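Enquirer: Okay, structure incoming, though there's no sequence with it:
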């Protein structure tokens, strides 16, 4: 938060969201999840998966060849269970009518706004259970449907090993009317030809998108984006997303529903 210029820079839950599209065949039934995210636990402790609601289990598939989108083996399948004694295990969410997405924590509704409250599910992944850093297909399962995403799992999101295979970025400077954002794609990022990077500025008060720019992925190049004509009286959310598009017969054969948007 850069309070002197009244810009809210929000990255932690959206930096690693990936749009996944498959054009191959009829796939398994898709679940529309109300919340799907992850959070680094820091200090090489691993990654926490966060999801809502009513998910019964999850599975993680590795890649035989990530550059060719060749799915390998199911390396982990586990049911969700409640463990209140585990650090960061509780996930309270608020869903309000003035925004499309659920928010972590309790939100007091403004006049004319209605909010509902949910308790999500979490699981902590450590290096002893899943090799990190690496790219995986992560699927969440309900009774009769699934929702999957391609994502990178790291024991420490800020490590050099993680940044080598993923994308990092931040806002370097801001003024009363501008925000300057940079990002770099690691030299071992596997989806170069199929990816674009989209950076969006959203007015926090109304959740309205006010600025957006999309660029092709360039490995090892530090890209800069300058957003102009912003208002000093507003707070803004800066959101970065990697968009990955691919076709894979291998996914169809394994009935992995990667036609979903996350």
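Expert: Sure, I can see it. Just so it is clear, the structure is predicted and the values come from calculations on it, not from any experiment.
Enquirer: Please, where are all the helices along the stretch 101-250 of the chain?
Expert: 160-165, 249-253 (DSSP state H, counting those that start in this stretch).
Enquirer: Need the pLDDT of the closest residue to residue 148 other than its chain neighbours.
Expert: Of all residues not flanking residue 148 in the chain, residue 139 sits nearest, at 4.1 Å (Cβ to Cβ, 6 or more residues apart in numbering). All C-beta spots, glycine's among them, are computed from the backbone N, C-alpha and C. The model reports residue 139 with a pLDDT of 91.
Enquirer: about what we covered before: least reliable of the helices of the stretch 101-250 of the chain by average pLDDT, please.
Expert: Across the helices of the stretch 101-250 of the chain, the lowest-scoring stretch is helix 249-253, with a mean of 48.
Enquirer: Point out where the stretch 1-150 of the chain drops to low pLDDT.
Expert: 1-28, 82-89 (pLDDT under 70).
Enquirer: those strands in it, which residues are they?
Expert: Here the stretch 1-150 of the chain has its strands, by DSSP state E, counting those that start in this stretch, at 18-21, 35-40, 47-52, 57-65, 70-79, 92-96, 103-104, 115-119, 121-125, 134-141, 146-153.
Enquirer: JSON lines for those, including mean neighbour count and distance to residue 219?
Expert: Converted to JSON lines, the strands of the stretch 1-150 of the chain look like this (neighbours: other Cβ atoms under 10 Å; distance: least, Cβ to Cβ, whole Å):
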{"stretch": "strand 18-21", "mean neighbour count": "17", "distance to residue 219": "17"}
{"stretch": "strand 35-40", "mean neighbour count": "21", "distance to residue 219": "23"}
{"stretch": "strand 47-52", "mean neighbour count": "21", "distance to residue 219": "24"}
{"stretch": "strand 57-65", "mean neighbour count": "17", "distance to residue 219": "18"}
{"stretch": "strand 70-79", "mean neighbour count": "14", "distance to residue 219": "21"}
{"stretch": "strand 92-96", "mean neighbour count": "18", "distance to residue 219": "36"}
{"stretch": "strand 103-104", "mean neighbour count": "16", "distance to residue 219": "33"}
{"stretch": "strand 115-119", "mean neighbour count": "13", "distance to residue 219": "39"}
{"stretch": "strand 121-125", "mean neighbour count": "20", "distance to residue 219": "27"}
{"stretch": "strand 134-141", "mean neighbour count": "21", "distance to residue 219": "15"}
{"stretch": "strand 146-153", "mean neighbour count": "23", "distance to residue 219": "15"}
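Enquirer: In JSON lines, list those strands along with distance to residue 196.
Expert: Compiled in JSON lines, the strands of the stretch 1-150 of the chain are given as follows (distance: least, Cβ to Cβ, whole Å):
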{"stretch": "strand 18-21", "distance to residue 196": "9"}
{"stretch": "strand 35-40", "distance to residue 196": "21"}
{"stretch": "strand 47-52", "distance to residue 196": "24"}
{"stretch": "strand 57-65", "distance to residue 196": "20"}
{"stretch": "strand 70-79", "distance to residue 196": "22"}
{"stretch": "strand 92-96", "distance to residue 196": "29"}
{"stretch": "strand 103-104", "distance to residue 196": "27"}
{"stretch": "strand 115-119", "distance to residue 196": "32"}
{"stretch": "strand 121-125", "distance to residue 196": "28"}
{"stretch": "strand 134-141", "distance to residue 196": "17"}
{"stretch": "strand 146-153", "distance to residue 196": "15"}
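Enquirer: Looking at the ones you listed, spot the one closest to residue 195.
Expert: Of all the strands of the stretch 1-150 of the chain, strand 18-21 sits nearest to residue 195, with 8.7 Å by Cβ to Cβ.
Enquirer: what about the closest residue to residue 198 other than its chain neighbours, how many residues close to it?
Expert: Spatial nearest neighbour of residue 198, chain neighbours left out: residue 214 (4.5 Å); criterion: Cβ to Cβ, 6+ apart. Look at residue 214: counted by other Cβ atoms under 10 Å, it has 11 neighbours.
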